[in-house]
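# got a predicted model here, sequence first, then my questions.
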Amino acid sequence: MDYFLTEEQQMIVDVARQITDELIIPQRAELDETEEYPREILKAMAQADLYGLYIPEEYGGFGGGPFAMVLALEQIARGCTGVATAYAASALGAYPILISGSDEMKQKYLPDIAAGKRLAAFALTEANAGSDASGIQTTAVQDGDHWVLNGTKQWITNAGEADIYTVIAITDRSKGPRGATMFVVEKSDPGFSVGPKEKKMGIRCSSTCELIFKDCRIPKDRVIGRPGAGFITVMKTLDLSRPGIASLGVGLGQGALDEAARYAKQRVQFGKPIISFQAVAHMLADMAIQVEAARALVYAAAKHVSAHPNNASKAASMCKVFATDMAMKVATDAVQVLAGYGFMRDYPVEKMMRDAKILQIYEGTNQIQRNVVGQELNKEYT
Ligand code: COS
């Protein structure tokens with residue numbers, strides 16, 4: 001369908017599509033097998049100016065907001081959700097600075113992030129703080145002109161690869177969510193280290209590790225916003241970022257549909273291509289309808305979130321649920337269309353099915369997203 005993109009928006013799609021077709025698709029199976037971080041591909045994306053799409057022009061970016069990210073992410077995830085996750089994680093890490101950082105902090109970090117010279121990562125999750133995001137245990141205590149962090153973050157995307165980490169820690173336990181503060185931690189800071197790479201079901205070329213803070217001392221100007229405002233910054237960050245995860249679902253779904261439809265035209269059984277059997281054609285039709293419906297919702301939600309960042313939760317959660325549940329279903333159906341071949345690693349759909357699962361989990365499970373939508377409905381209706 002024609003979404004009447006502007007010339008600039010179409011250019012983003014074209015650039016991301018070209019990188020996906022020429023660099024990502026030819027390498028995705030090997031990256032999945034070796035679990036190697038896709039450094040060279042990310043460098044090519046940086047050279048194509050894809051790292052600054054959402055960053056305002058005054059900080060060296062393109063100024064396209066979350067919608068520009070959605071357009072790029074969709075194309076990249078059509079090729080490989082692992083590469084797309086590694087790319088998206090830098091934006092997730094940068095959003096807290098963009099949302100709540102001082103102008104000085106933005107000037108210090110955002111131009112390098114926009115150029116892809118330094119990658120960012122976002123550190124919220126801990127062993128006992130997943131869906132219950134305010135249950136974090138990592139602490140930060142002020143000591144003269146420094147803050148001292150202690151604790152461990154878990155499953156952090158881009159860990160070890162990123163130079164800039166936006167980290168939430170408890171600074172006043174008595175205040176609940178209002179006693180959490182966000183900080184910038186740099187890779188070279190004393191007392192900061194990264195654990196071994198996790199072994200994952202999917203998105204295997206992205207890096208996922210623990211972050212360990214052991215008396216990690218950082219200067220006091222690394223506080224993002226003001227002390228106590230960390231949890232709100234985290235929630236606003238997720239509002240901006242979740243349409244991006246939704247667009248990974250759209251891209252993955254499109255990739256799976258492409259593979260299934262192409263296969264169904266070529267595969268002959270009972271003397272005919274299997275697409276001519278209604279059972280298969282209806283599966284493909286449902287996949288196409290679901291992908292397009294998700295795309296329309298994600299584009300609308302990303303535009304809403306850009307225009308109304310303080311009233312974004314419902315739109316962000318709605319599109320995340322719809323598009324990522326769709327991706328799981330469409331990838332599973334693509335494997336079914338390819339049947340025995342679909343189950344083999346020779347075809348990309350088994351990887352798509354493995355990759356799709358994380359979309360329903362990270363940046364807030366789809367059960368949590370439904371809670372958010374439900375809570376908003378509870379406020380709207382009297
Ligand atoms: N924007 C601004 N403020 C927000 C907000 C948002 N989107 N969402 C919540 N807040 C505020 C609330 O208004 C509340 O403020 P007050 O203390 O003034 O009342 C505060 O934040 C706490 O909100 P709430 O009570 O709703 O928090 P809960 O502890 O109940 O948790 C959920 C809310 C479950 C929605 C949250 O913890 C969540 O999103 N969990 C999933 C986390 C996640 O995505 N993890 C993945 C990590 S990244 S891979």
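Received the coordinates, thanks.
# which bits of the stretch 201-350 of the chain sit near the ligand?
Contacts of the stretch 201-350 of the chain with the ligand, taken as C-beta under 6 Å from any ligand atom, map to 231, 232, 235, 236, 238, 239, 313. (Each C-beta comes from the backbone N, C-alpha and C, glycine too.)
# so the last one makes contact with residue 240?
No. Under the contact definition of C-beta atoms under 8 Å, residue 313 does not touch residue 240, with a separation of 10.6 Å.
# neighbour count: those two, which is higher?
residue 240 (24 against 19; other C-beta atoms under 10 Å).
# in contact with that one: list those residues for me.
Residues near residue 240 by C-beta atoms under 8 Å, 6 or more residues apart in numbering: 54, 66, 95, 99, 305, 309, 312, 316.
# now it: which helix or strand?
Assigned by DSSP states H and E, residue 240 falls within helix 230-266.
# tell me which strands whichever helix or strand comes after that helix pairs with, and in which orientation.
Note on helix 230-266: by DSSP H and E, the next helix or strand toward the C-terminus is strand 268-269. Strand 268-269 sits in its sheet next to strand 272-273 (antiparallel), going by DSSP bridges.
# and the partner strand, how far out from the chain middle?
Its chain's average C-alpha position is 39 Å from that of strand 272-273, according to C-alpha atoms, centre = their mean, to the nearest Å.
# run through who's touching that strand.
Taking C-beta under 8 Å, 6+ apart as the rule, strand 272-273 contacts 264, 265, 266, 267.
# ok, now stretch 193-203?
35, 81-82, 85, 155, 159-160, 206-212, 214, 351, 354-358.
# 7 Å instead?
With C-beta atoms under 7 Å, 6 or more residues apart in numbering as the test, stretch 193-203 has contacts from 81-82, 85, 155, 159-160, 207-212, 354-355, 357-358.
# buried set for that stretch?
Residues 194, 195, 197, 198, 200, 202, 203 are the ones in stretch 193-203 that count as buried (16 or more other C-beta atoms under 10 Å).
# could you do stretch 281-295 as well?
Buried-residue list, stretch 281-295, by 16+ other C-beta under 10 Å: 283, 284, 287, 288, 290, 291, 294, 295.
# repeat that for stretch 300-310.
Those would be 300, 301, 302, 303, 304, 305, 306, for stretch 300-310 by 16+ other C-beta under 10 Å.
# tell me where the stretch 101-250 of the chain has strands.
120-123, 139-143, 146-157, 164-170, 180-186, 192-194, 208-219, 223-224 (DSSP state E, counting those that start in this stretch).
# in CSV: those, plus mean pLDDT.
Listed next are these as CSV, based on pLDDT from 0 to 100:
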stretch, mean pLDDT
strand 120-123, 98
strand 139-143, 97
strand 146-157, 98
strand 164-170, 98
strand 180-186, 98
strand 192-194, 98
strand 208-219, 98
strand 223-224, 98
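# okay if I get those as CSV plus distance to residue 326?
Output for the strands of the stretch 101-250 of the chain, formatted as CSV (distance: least, C-beta to C-beta, whole Å):
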stretch, distance to residue 326
strand 120-123, 25
strand 139-143, 39
strand 146-157, 22
strand 164-170, 30
strand 180-186, 32
strand 192-194, 34
strand 208-219, 24
strand 223-224, 34
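# in helices, which of the buried residues of stretch 281-295 appear?
283, 284, 287, 288, 290, 291, 294, 295 (DSSP state H).
# of all those, which comes closest to residue 138?
Each of those was checked against residue 138 using C-beta to C-beta; the closest is residue 294, at 35.1 Å.
# and the closest one, what pLDDT?
According to the prediction, residue 294 has pLDDT 98.
# can you tell me the closest non-neighbouring residue to the residue in the stretch 201-350 of the chain that the ligand sits nearest to?
Proximity of the stretch 201-350 of the chain to the ligand (C-beta to the nearest ligand atom) peaks at residue 235, 3.3 Å away. Closest residue in space to residue 235, ignoring its immediate chain neighbours: residue 313 at 7.5 Å, by C-beta to C-beta, 6 or more residues apart in numbering.
# kindly report the same for residue 267.
residue 274 (4.9 Å).
# what do you get for residue 34?
residue 205 (7.7 Å).
# contact partners for that neighbour?
Contact analysis of residue 205 by C-beta under 7 Å, 6+ apart lists 31, 32, 35, 36, 37, 38, 82, 83, 86.
# distance of the fourth one from residue 28?
Right, the one you point to is residue 36. Using C-beta to C-beta, to the nearest Å, residue 36 is found at 11 Å from residue 28.
# which of those two has more neighbours?
residue 28 (24 against 14).
# tell me the domain ranges of the chain?
7-114, 120-229, 231-380 (automatic domain parsing).
# what about the shortest one, start to end distance?
For domain 7-114, the first-to-last residue distance is 21 Å (C-alpha to C-alpha, to the nearest Å).
# okay, buried residues for stretch 170-177 please.
For stretch 170-177, a neighbour-count test (16+ other C-beta under 10 Å) marks 170, 171, 177 as buried.
# quick one: contacts of it?
Stretch 170-177 is contacted by residues 134, 136, 138, 139, 140, 179, 180, 181, 227, 228, 231 when judged by C-beta under 7 Å, 6+ apart.
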